[in-house]
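K.L.:
Mind looking at a prediction? Sequence and model below.
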Amino acid sequence: MNHSPEYLLQLLQRFIKHPKLISQLHSLVITSAHLLHNPNSPSHLKWKPTLFYNTLITAHHTSGFPHKALLLFTHMLASQVPPNSHTFPPLIKSASSSPSLGTSLHTQVIKRGVLCDPFVQTTFLVLYARNGSLVDARKVFDEIPLLCIVACNAMLHAFCTNGDMESAVSLFRGMPKRDVVSWTSIINGFAGNGEFGKAIQFFGKMMTHKDVLGCLVKPNEATYVSVLSSCANLDGKTALDCGKQVHGYVVANEVNLGVFVGTSLIDFYGKMGCLNYAVSVFNQMDSREVCTWNAMISSLASNGREKEAMDMFEDMKAEGRLRPNSITFVAVLTACARGRFVREGLDLFGSMSDVFGVVPIMEHYGCVIDLLGRAGHLGEATDIINNMPFQPDASVLGALLGACRIHGAIELGEEIGRRLLELQKPHCGQYVVLSSINAEKERWDHAADLRREMMEAGIQKIPAYSMVHLT
DNA sequence: TTAGGGTTAG
């Protein structure tokens, strides 16, 4: 078998995204270590050990083994193989969950004299932004001597994900050159900060205005996904029209209906109540991932087609390729609650952990309490709350309180309402529900007391309103 | 050989 360094390197580069092969190749590299460190190598091969380690580090990072990538770096240093600017970007990304490791790598970067490398700088910028250190990210950005579009886009994204849209837009306006990533970052930034209308406006501007270099910027799949997600989060005809228009672009431009775009379209149509469109997109997709099924099941569950949502879950399991995740169970349990499938819901909840390896979190408890509460099983719901492995939050208690109102359970409702009041910042919702429970049972004195308590706490009931959209 | 943007629940 040929174990020359060149051959191993070729193998590594070829199979860089195959985790199983990577560990085999790593073993081969270890057994061929003497080849890497041959002091008699000709001078044109001296850089090979560095390239070797760089490739292995990248391979482990991209295959989802960040710890191994970092371990390899220590081997590299121990073997006195000098790291270069290519070594650090994958290492910095592998250290993203540990700020202290990030600092150590920063020290190494300075020691190896590659601090001014734009790739290294941009990776640090992204790392600091991910850890929420916008000041540090900005500092790195300001120290980049020759700014390129990639570094600017990374800074745009840093501002957006840390909620500073003003700085993001200001930087965007000042950029000498922009591309589809710059535009998509801003659109997604507005969406991420809840300003969906502005996200849609920005998309409209992108589609109709020439950019700084006098050209129209063509959206890609990421852009469509961002704008569809914004449309899905808004109500009204404008949002529906906009999303439909995006779907139109996708069809007209023969954009591949991949997992991201397809899932976003399903979610959009589901949230708009256009179930038939959602199902049609789902059926057209060649490839579906868990999130695709989740979006479809949620859409059916929240549009009165609970039985179909349950059937869809069965289809997903029958296909066998994908494992339901935490979100899948929120969607299916929601379907059970709304469809009054109490037995099925409880069985499913019971099997989550054992059969599917998904440990129930707060959202799942919320669904089950809703499931039992709607069906009037208030005692069972209370038992589950009292035996939860963690303290129930407002959504779980709120689900039970809502059920108490529906079923006129005054005492339990008062108890849960009080617990909610202790848990939450003052909010009129609980007071109003509590007060309504009492009023419905003609316990006017209690109802009046609660309303008074509410006013004293400085809370005013938000008046109900309805809106007519005029076009 | 190395750097930037995206989907599902609540």
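P.N.:
On my side now, so go ahead.

K.L.:
Mind jotting down where the helices sit in the stretch 351-471 of chain A?
P.N.:
Taking DSSP state H, counting those that start in this stretch, the helices of the stretch 351-471 of chain A run over residues A:362-374, A:378-386, A:394-407, A:410-423, A:428-440, A:444-456.

K.L.:
Is the third one positioned near DNA strand B?
P.N.:
Yes - part of helix A:394-407 sits near DNA strand B under the criterion C-beta under 7 Å from any atom of the strand, namely A:Ser395. Placement of C-beta: from N, CA and C, glycine included.

K.L.:
Residues of the stretch 51-200 of chain A that sit close to DNA strand B?
P.N.:
Checking the stretch 51-200 of chain A against DNA strand B by C-beta under 7 Å from any atom of the strand, the hits are A:51, A:54-55, A:58, A:84-86, A:89-90, A:93, A:117-120, A:122-123, A:126, A:148-151, A:153-154, A:157, A:179-182, A:184-185, A:188, A:191.

K.L.:
Mind giving me the PyMOL command for buried ones among those residues?
P.N.:
Selecting only the buried entries of these in PyMOL, with 16 or more other C-beta atoms under 10 Å as the criterion:
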select buried, chain A and resi 51+54+55+58+84+85+86+89+90+93+117+120+122+123+126+151+153+154+157+179+180+181+182+184+185+188+191
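
K.L.:
The residues of the stretch 51-200 of chain A next to DNA strand B in helices, which ones?
P.N.:
Among those, the ones falling in helices (DSSP state H) are A:51, A:54-55, A:58, A:89-90, A:93, A:118-120, A:122-123, A:126, A:149-151, A:153-154, A:157, A:180-182, A:184-185, A:188, A:191.

K.L.:
Got the domain ranges for chain A?
P.N.:
Here the domain parsing of chain A from automatic domain parsing is A:1-82, A:256-360, A:365-471.

K.L.:
residues contacting the spatially closest residue to A:Asn220 that is not a sequence neighbour?
P.N.:
Counting by C-beta to C-beta, 6 or more residues apart in numbering, A:Asn220 lies nearest to A:Val180, which is 5.4 Å off, once chain neighbours are set aside. Going by C-beta atoms under 8 Å, 6 or more residues apart in numbering, A:Val180 touches A:Val217, A:Lys218, A:Pro219, A:Asn220, A:Ala222, A:Thr223.

K.L.:
Could you do A:Pro118 as well?
P.N.:
A:Ile144, A:Leu146, A:Cys148, A:Val150, A:Ala151.

K.L.:
just checking, the last one touches A:Thr122?
P.N.:
What that stands for is A:Ala151. Yes - counting by C-beta atoms under 8 Å, A:Ala151 sits close enough to A:Thr122 to count as a contact (4.9 Å).

K.L.:
and for the two, which residues touch both?
P.N.:
By C-beta under 8 Å, 6+ apart, the residues touching both A:Ala151 and A:Thr122 are A:Ile144.
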